[in-house]
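> Have a look; sequence and predicted model below, questions after that.
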Amino acid sequence: MAKYEQAERLQKLPPYLFVRLEKLAAEKRAEGMDLIDFGIGDPDLPTPEIIVKALQEAVAINKNQKYSSSQGEKDLRVAVAEWYKKRFDVDIDPNTQVCITLGSKEAIFNISQAFVECEDTIIAPSPGYPVYSGASTLFNEAKCVKIPLKEEKKWLLDVSDCPTGARMLYINYPNNPTGATCDIPYLKGVYDWCQKNKTILCLDNAYSEMCYDGYQAPSILQVGPDAVEFGSFSKTFSMTGYRLGYAVGHPELIAGLIKCKGQIDSGAPIFIQKAGIAALNLYPEDGRIPKEVADHMAIYAERRKVLVEGLRELGFDVPMTMGTFYVWFNCGMKSEDFTKKMLDLGIIVTPGNGFGESAEGYIRMTVTESVSRIKEALARMKNGKY
Ligand SMILES: Cc1ncc(COP(=O)(O)O)c(C=O)c1O
């Protein structure tokens, strides 16, 4: 028995998916294997230079080296509100409807600590980003009901499958891991259901700007004000390591989040928030995706095309989705078995069942490798008969 037993509630959690994968990959690397990595969703492309410059300038200024506040700096909150106007044509109050967060992961966790009681129910999609069902139920001792998403329903959560009386529901479109996207009528259906059932609706919109072929992801605030939406600088601007995001929505939900964060953190570093302002200000008045983001998306689009078409040639049925940088497909065997076979070929993929049991048999591949490395991986698969 360990000297310091972890609390039971922590012991109950499985190890975070990517920690397990990193360990397996590290073993292969130590054996000297050249690994082609389609595993974790971390952009390989650099942060646009203009954002890095803004950060460099900001960090040298004494007042930017102090504590921020748990709600975040006013100028970034204003920039977020202006961005919502440009991008979604919705008006939000930067004083009461915006909270700056340490990436969106933190907000997804803290919102449930702020509003969910012990024994309350949280609805999480399965497959889904692991934080909805893991960390969100960790310290409030809530119950999580996982609702299976199905390929035949285009991976859209069907509210008619959900229990009534739940305190909170998370949805995420554009979706990790499936790449599925939704439209405003779909969001309206979920919004109305949550209103009727007094369930707090959380839309994780971390991939709102990662879209292809002219598709633009909607915001829940285009449907109505009574919800909370999480956004992130991580994927849009290749800023995962900066840990910067925002929550917007109903003032009472934002107030609860700020109160909860006030006990835990003192806000994102001010100089990083200044970089966030530079990032959002790249958007023109008409809300079109700026060149810096569009250039990155063009690279992901090309890689995605090469990977999807290559996998199709190998006999897999792979959809060309409209959002995220994930390719998601049924591998025709257990996810874990396929993942291990791929690892033997020096290719890291993510087993779909790591995002929820209902995704057994599926695989996620992130297009964070160059086209030539993707072609190399496809050749390894062809020769190795995966
Ligand atoms: C669906 C989803 N939401 C939220 C996040 C967290 O992003 P961050 O905390 O970097 O903003 C991720 C990261 O991969 C994600 O896939």
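On my side now, so go ahead. Numbering: from 1, shown residues only.

> Identify the residues contacting the residue of the stretch 51-200 of the chain found nearest the ligand.
Residue nearest to the ligand within the stretch 51-200 of the chain: Gly103 (2.7 Å; C-beta to the nearest ligand atom). All C-beta atoms are positioned from the backbone trio N, CA, C, and that covers glycine. By C-beta atoms under 8 Å, 6 or more residues apart in numbering, the residues touching Gly103 are Ser232, Ser234, Thr240, Arg243, Leu244, Gly245.

> of those, list those near the ligand.
Ser232, Ser234, Thr240, Gly245 (C-beta under 6 Å from any ligand atom).

> In terms of distance to Met322, which of those ranks first?
Ser232 (18.6 Å; C-beta to C-beta).

> Distance-wise, check the closest one relative to Ser136.
To Ser136, Ser232 is 17 Å away according to C-beta to C-beta, to the nearest Å.

> Please apply the same query to Gly165.
Gly165 is 17 Å from Ser136, by C-beta to C-beta.

> who has more neighbours, these two?
Ser136 (24 against 10; other C-beta atoms under 10 Å).

> helix, strand or coil for that one?
helix (DSSP: H, G, I helix; E, B strand; the rest coil).

> Give me the buried positions along stretch 248-257.
Val248, Gly249, His250, Leu253, Ile254, Gly256, Leu257 (16 or more other C-beta atoms under 10 Å).

> Can you give the distance from it to the centre of its chain?
Centre-to-centre, stretch 248-257 and its host chain are 20 Å apart (C-alpha atoms, centre = their mean, to the nearest Å).

> go on, stretch 361-373?
Distance of stretch 361-373 from its chain centroid, counting by C-alpha atoms, centre = their mean, is 17 Å.

> now do stretch 153-167
Counting by C-alpha atoms, centre = their mean, stretch 153-167 comes out at 19 Å from the chain centroid.

> ditto for stretch 289-297
That offset, for stretch 289-297, works out to 19 Å (C-alpha atoms, centre = their mean).

> And the contacts of it?
Outside stretch 289-297, the residues within contact range by C-beta under 8 Å, 6+ apart are 43, 45, 48, 50, 209-212, 236-238, 282-284.

> So what pairs up with the residue lying closest to Glu357 once chain neighbours are set aside in the strands?
Closest residue to Glu357 apart from its sequence neighbours, by C-beta to C-beta, 6 or more residues apart in numbering: Ser126 at 6.8 Å. Listed beta-bridge partners, Ser126: Pro148 (assigned using DSSP bridges).

> List the buried residues for stretch 161-180?
For stretch 161-180, burial by neighbour count (16+ other C-beta under 10 Å) applies to 162, 166-180.

> Tell me which two of those residues sit farthest apart.
Arg167 and Gly179 (28.6 Å).
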